[in-house]
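Enquirer: Need a 3D model of the following:
(one chain, ligands or ions: 2)
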Amino acid sequence: MPDRARPLVVVTGVSGSGKSTVGRALAGRLGVPYEEGDDLHPPENIAKMEAGAPLTDRDREPWLDRVAAWLGGRLQDGGGGVVACSGLKRRYRDRLAAVSPRVFFVHLHGPVELIAGRMAARRGHFMPPALLRSQVAALEPLAPDEHGAAVSVEGTPEETVALALRAVRQRHSPGAAGEGRGPGPEAPE
Ligand SMILES: Nc1ncnc2c1ncn2[C@@H]1O[C@H](COP(=O)(O)OP(=O)(O)O)[C@@H](O)[C@H]1O
Ligand SMILES: O=C(O)[C@H](O)[C@@H](O)[C@H](O)[C@H](O)COP(=O)(O)O
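Expert: Ligands and ions are numbered 1, 2, ... in the order given. Okay, here's the model as predicted:
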């Protein structure tokens with residue numbers, strides 16, 4: 001595949017929005033490596049969240065540096081990749097976008113109640129559902145000048161992955177209409 005077709009994607013969104021589920025499947029559909037951003041947190045961040053305390057901007061700095069380093073490695077390799085990373089605030093995403101103009105954000109969004117229900121049903125994950133409120137409070141949605149698309153998670157995982165795949169391909173196929181800036185309003189048919 002031409003290098004241009006190998007996207008560098010960051011799947012963002014609050015905890016429970018489906019970043020890991022969608023990101024892993026999207027990477028499979030794109031034929032690129034997947035990285036779980038949670039695995040890049042320093043242990044103290046995981047311990048803090050497990051104890052029910054939200055992370056601060058300072059806590060997130062070393063984690064975002066590691067996510068950016070992973071993106072940089074994929075860029076060097078030319079192979080593209082998908083990483084799940086909440087990227088709640090604009091300045092966090094700007095830190096990742098600084099790696100390359102090719103970095104594309106797939107921002108997962110949906111009704112808080114829906115996400116809360118999914119989080120509550122999730123088993124074996126360190127993140128307490130009670131922290132969703134702090135995630136929503138910290139969230140700064142994708143802005144029109146950011147290279148990315150907002151994708152609804154109201155459908156099934158498969159439907160969400162299909163929407164994300166369409167958004168990525170629209171921005172990465174040569175001469176695609178609307179290439180470049182601006183979150184596309186992707187929603188289930
Ligand atoms: N579109 C979906 N429909 C139904 N359940 C979903 C969907 N996406 C994710 N889930 C479920 O919701 C929970 C949270 O998904 P997860 O991928 O862990 O989110 P995140 O990585 O953003 O925290 C998981 O139990 C997952 O199986
Ligand atoms: O920035 C943060 O506060 C954390 O990165 C958080 O957003 C992330 O979501 C947790 O690591 C839980 O992991 P899940 O997103 O997989 O629930």
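Enquirer: Give me the distance between A25 and ligand 1.
Expert: 10 Å (Cβ to the nearest ligand atom, to the nearest Å). To be clear about C-beta, it is placed using only N, CA and C from the backbone, and glycine gets the same treatment.
Enquirer: Need the nearest residue in space to that residue, chain neighbours excluded.
Expert: Leaving aside its sequence neighbours, A25 sits nearest to V161 (Cβ to Cβ, 6 or more residues apart in numbering; 4.5 Å).
Enquirer: Could you do V168 as well?
Expert: Nearest one to V168, counting by Cβ to Cβ, 6+ apart, is P7 at 5.3 Å.
Enquirer: How about the contacts made by that neighbour?
Expert: L30, V32, G80, V82, R102, F104, V168, R171, H172 (Cβ atoms under 8 Å, 6 or more residues apart in numbering).
Enquirer: quick check: longest helix of the chain.
Expert: The helix that spans the most residues within the chain, counting by DSSP state H, is helix 57-77.
Enquirer: touching ligand 1 at all, that helix?
Expert: No. Against ligand 1, helix 57-77 shows no contacts by Cβ under 6 Å from any ligand atom, the least distance being 13.8 Å.
Enquirer: That helix - contacts with which helices or strands?
Expert: Judged by 3 or more Cβ pairs under 8 Å, 6 or more residues apart in numbering; DSSP states H and E, the packing partners of helix 57-77 are strand 8-12, helix 43-50, strand 81-84, helix 90-97.
Enquirer: repeat that for 6 Å
Expert: With contacts taken as 3 or more Cβ pairs under 6 Å, 6 or more residues apart in numbering; DSSP states H and E, helix 57-77 sits against helix 90-97.
Enquirer: ok now the helix it packs on, how far from the chain's centre?
Expert: Relative to the mean C-alpha coordinate of its chain, helix 90-97 is positioned 12 Å out (Cα atoms, centre = their mean, to the nearest Å).
Enquirer: relative to strand 8-12, how tilted is it?
Expert: In terms of direction (axes from the mean of the first three to the mean of the last three Cα atoms, to 10 degrees), helix 90-97 departs from strand 8-12 by 160 degrees.
Enquirer: what lines up beside the following helix or strand past helix 90-97 in the sheet?
Expert: Next along the chain after helix 90-97, taking DSSP states H and E as the criterion, comes strand 103-109. Within its sheet, and counting by DSSP bridges, strand 103-109 is paired with strand 8-12 (parallel), strand 148-152 (parallel).
Enquirer: From what I see, A167 and A149 are in contact.
Expert: Yes. The pair formed by A167 and A149 meets the contact definition of Cβ atoms under 6 Å, at 3.6 Å.
Enquirer: before we move on, the earlier item: could I get the pLDDT score of the residue nearest to A25?
Expert: We have a pLDDT of 98 for V161.
Enquirer: same thing with the one 3 residues further on?
Expert: The model reports A164 with a pLDDT of 98.
Enquirer: centre of the chain versus the helix or strand hosting it, how much separation?
Expert: Assigned by DSSP H and E, A164 belongs to helix 157-172. From the chain centre to the centre of helix 157-172 is a distance of 13 Å (Cα atoms, centre = their mean).
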